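In: Need coordinates for the following:
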Amino acid sequence: MENLLMHPMVTFLLFFAIAFTIYFLAGRFKETGEYHPTRHKTYTGGEEIAPPEGKMQYQSFYWLALLFGILHMAALVISTLPLESIPFRLALLYLLGAGASVFVLSEEEH
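Out: Have a look, this model is predicted:
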């Protein structure tokens, strides 16, 4: 019985039940205020927010995410290789390939 709490699924279910109970009780005893039309507007100290000049482009976020993914995978692959068995040249070639990818992705289009 003492090892029962060491099982990951039992521990997960226990903490899930605790979190759900807290969430349920907090929702049950919360104070509800009256609805106001500006309830979901951003607070700016009474000033109106100027509309944004342009829409954000998804493409710039895509390239940044791809760049981060390449760097992250390179770090994970190199750091998880055993030191005794990896050839130094192969690891260097892998990092040079990742570096070339980062260089290509970080260049601005003209």
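In: Going by neighbour count, which residues of the helix or strand harbouring residue 23 are buried?
Out: Per DSSP states H and E, residue 23 falls inside helix 8-28. Neighbour counts using 16 or more other C-beta atoms under 10 Å place no residue of helix 8-28 among the buried ones. For every residue, glycine as well, the C-beta is placed using N, CA and C.
In: which residues sit against it?
Out: With contacts defined as C-beta atoms under 8 Å, 6 or more residues apart in numbering, helix 8-28 is touched by 4-5.
In: let's go with 6 Å and repeat that
Out: Residues outside helix 8-28 that contact it (C-beta atoms under 6 Å, 6 or more residues apart in numbering): residue 4.
In: Helix or strand next in line after it, which one?
Out: Remark: after helix 8-28, the chain's next helix or strand is helix 58-80, criterion DSSP H and E.
In: Could you list every helix and strand in contact with that following helix?
Out: Secondary-structure packing of helix 58-80 (3 or more C-beta pairs under 6 Å, 6 or more residues apart in numbering; DSSP states H and E): helix 88-106.
In: Run the angle between the helix it packs on and helix 58-80 for me.
Out: Calculated by axes from the mean of the first three to the mean of the last three C-alpha atoms, to 10 degrees, helix 88-106 forms an angle of 170 degrees with helix 58-80.
In: tell me the mean pLDDT over helix 88-106?
Out: Helix 88-106 comes out with an average pLDDT of 82.
In: which secondary structure elements does it contact?
Out: Packed against helix 88-106 by the contact rule (3+ C-beta pairs under 6 Å, 6+ apart) you find helix 58-80.
In: how close does the residue nearest in space to the middle of the chain sit to residue 77?
Out: Per C-alpha atoms, centre = their mean, the C-alpha nearest to the average position across the chain is that of residue 65, at 10.6 Å. With the distance defined as C-beta to C-beta, to the nearest Å, residue 65 ends up 18 Å from residue 77.
In: Flag the shaky bits of this structure, pLDDT-wise.
Out: 1-2, 43-46, 52, 54-56, 86, 108-110 (pLDDT under 70).
In: 50 instead?
Out: Low-confidence segments of the chain, defined by pLDDT under 50, are located at 110.
In: Determine how far the helix holding residue 23 lies from the middle of the whole chain.
Out: Distance, stretch centre to chain centre, for helix 8-28: 24 Å (C-alpha atoms, centre = their mean, to the nearest Å).
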